[in-house]
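1. okay, predicted coordinates and the sequence, questions at the end:
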Amino acid sequence: MTDDLSTAAASTPATGAARPAPNGRPATGTGPATDATDATDATDAFEANRRYLGSVAYRLLGSFTDAEDALQEAWLRWRSVDASTVADPRAFLTTVVTRLCYDQLGSARARREAYFGEWLPEPAVSYQDAPASPAEIAELGESVSLALLAVLEQLTPAERAAFVLHDVFAVGFEEIAGSLDRTPDAARQLASRARRRVKAGSRRATADPAEHRQAVEAFAAATARGDIESLLAVLDPEVVWHSDGGGIVTAGARPVYGADKVSRLVTGLVAKFLTPESVIGFALVNDAPGLIWYERPGQVAGVMAFTVADGRITEAHVVVNPEKLTHLNVTTP
């Protein structure tokens with residue numbers, strides 16, 4: 001299991017105001033040695049939890065850019081705290097990041113309501129097919145598909161925070177309550193209500209990775225041939241196609257429903273936009289088999305994530321907004 005935010009963030013400074021010196025430690029000026037030691041300890045504690053905190057922030061916000069902003073602000077706040085007085089840095093930092101994301105979610109909802117067309121989360125892409133180790137799962141939380149992240153947009157900020165912290169990262173309700181300024185019982189109710197809403201808003205899905213990949217491969221092959229009959233065979237009759245161009249590139253403003261309409265849409269898009277330089281490759285999109293469209297070598301133009309049930313695609317989420325693909329530092333297969 002991988003997380004692009006954590007990978008990218010690990011190679012960049014936590015914040016411009018506290019930029020590390022060339023030796024990787026934050027600049028500490030000419031203060032006494034104890035101040036330098038405290039700063040080093042604070043940096044070590046933050047960096048030890050950065051990957052985990054980035055995963056929490058991404059799942060709470062659905063945006064790598066916004067998640068990185070939250071981490072930068074969390075670093076600034078952590079720097080102002082006497083780390084020696086904090087018994088559990090991870091719990092403390094989780095609370096800080098959660099509160100920052102909680103505040104962002106309110107303003108983000110207003111921005112997304114004014115967004116052109118459908119707003120979809122930024123996709124996390126990796127090429128590692130090996131299963132995650134127990135340590136990685138603990139660090140990065142349970143897998144969250146692009147479809148699930150889209151459903152989480154329907155929750156209130158408090159519901160989303162409670163659901164992500166408890167159901168994805170197994171954080172206890174006592175700690176969640178502290179992050180949200182609620183009682184543990186209230187936090188438990190928020191997570192329960194969120195769980196019901198997520199279940200109601202989710203499409204049929206299977207947990208079988210082999211079945212999922214087989215359906216994606218069949219979709220890719222049929223798409224490459226422009227074969228509508230083969231597309232109809234791999235698409236669920238009630239399939240839903242979501243796309244996000246952000247008003248920057250061509251994409252549907254609303255979802256497209258039904259296998260017939262989706263198959264004709266796909267073949268039409270292929271005929272209009274794919275060129276001899278275009279490549280469609282396989283990758284893990286939010287830890288599930290998906291597709292990447294390279295407009296030309298080294299330039300990602302789209303990412304496709306799928307929900308599969310009973311061997312057929314029930315839902316597709318296609319992100320072509322270039323502003324949501326800038327974090328993908330990838331090369332052609």
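-> Done, it's in. Numbers count the residues shown, from 1 in each chain.
2. with adjacent residues omitted, what lies nearest to Trp293?
-> Excluding its sequence neighbours, the residue lying closest to Trp293 (CB to CB, 6 or more residues apart in numbering) is Gly302, at 3.9 Å. (Glycine included, C-beta is placed from N, CA and C.)
3. likewise for Leu165?
-> Using CB to CB, 6+ apart, the closest residue to Leu165 is Val171 (4.1 Å).
4. can you tell me how far the residue nearest to Trp293 sits from Leu165?
-> 31 Å (CB to CB, to the nearest Å).
5. just Phe46 next, same as before
-> Phe46 is 19 Å from Leu165, by CB to CB.
6. ok, Tyr294 next?
-> Distance from Tyr294 to Leu165, by CB to CB: 36 Å.
7. what about these two, which has more around it?
-> Leu165 (27 against 19; other CB atoms under 10 Å).
8. tell me how far that one lies from Tyr58.
-> Distance from Leu165 to Tyr58, by CB to CB: 13 Å.
9. Glu142 - that's part of a strand, no?
-> No - applying DSSP: H, G, I helix; E, B strand; the rest coil, one finds Glu142 to be coil, outside a strand.
10. pull the helix or strand with minimum mean pLDDT from the chain.
-> Ranked by mean pLDDT, DSSP states H and E, the helix or strand of the chain with the weakest confidence is helix 4-9, at a mean of 34.
11. strands along the chain, start to end?
-> 125-126, 235-244, 256-257, 279-285, 288-296, 299-309, 312-319 (DSSP state E).
12. elements contacting the longest one?
-> To tie it back to what came earlier, the one meant is strand 299-309. Helices and strands touching strand 299-309, by 3 or more CB pairs under 8 Å, 6 or more residues apart in numbering; DSSP states H and E, are helix 146-152, helix 209-225, strand 279-285, strand 288-296, strand 312-319.
13. mind listing the strands that strand pairs with, and their directions?
-> strand 288-296 (antiparallel), strand 312-319 (antiparallel) (DSSP bridges).
14. got the contact list for the shortest one?
-> For strand 312-319, the external contacting residues (CB atoms under 8 Å, 6 or more residues apart in numbering) are 120, 122-123, 146-147, 150, 203-205, 215-216, 219, 234-236, 238-244, 251, 262, 302-308, 325.
15. what residues of stretch 66-73 count as buried?
-> Using 16 or more other CB atoms under 10 Å as the test for burial, stretch 66-73 gives Asp66, Ala67, Glu68, Asp69, Ala70, Leu71, Gln72, Glu73.
16. among the strands of the chain, which comes closest to Glu211?
-> strand 299-309 (6.3 Å; CB to CB).
17. quick one, the closest one and helix 209-225 angle?
-> Counting by axes from the mean of the first three to the mean of the last three CA atoms, to 10 degrees, strand 299-309 points 130 degrees away from the direction of helix 209-225.
18. quick one: strand 299-309 to strand 235-244, angle?
-> Using the same axes, to 10 degrees: strand 299-309 against strand 235-244 is 140 degrees.
19. please point out which parts of strand 299-309 sit buried.
-> Under 16+ other CB under 10 Å, the buried positions of strand 299-309 are Val300, Ala301, Gly302, Val303, Met304, Ala305, Phe306, Thr307, Val308, Ala309.
20. next: stretch 97-116.
-> For stretch 97-116, by 16+ other CB under 10 Å, it's Val97, Thr98, Arg99, Leu100, Cys101, Tyr102, Gln104, Leu105, Ala108.
21. same thing with stretch 252-263?
-> Gly252, Val256, Ala259, Val262, Ser263.
22. could you give me the ChimeraX syntax to select whichever of the contacts of strand 312-319 are buried?
-> The ChimeraX selection below is limited to those of the contacts of strand 312-319 classed as buried (16+ other CB under 10 Å):
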select :120,122,123,146,147,150,203,205,215,216,219,234,235,236,239,240,241,242,243,244,251,262,302,303,304,305,306,307,308,325
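23. Ala191: which of the helices and strands packed on strand 299-309 is closest?
-> helix 146-152 (12.4 Å).
24. quick check: mean pLDDT of that closest one?
-> Computed over helix 146-152, the mean pLDDT rounds to 95.
25. residues contacting it, please?
-> 59, 62, 120-121, 123, 160, 163-164, 197-198, 201-203, 205, 242, 285-286, 290, 305, 307, 315, 317, 319.
26. if we go to 6 Å?
-> With CB atoms under 6 Å, 6 or more residues apart in numbering as the test, helix 146-152 has contacts from 62, 120-121, 123, 160, 198, 201-202, 286, 305, 307, 315, 317.
27. no further questions, thank you.
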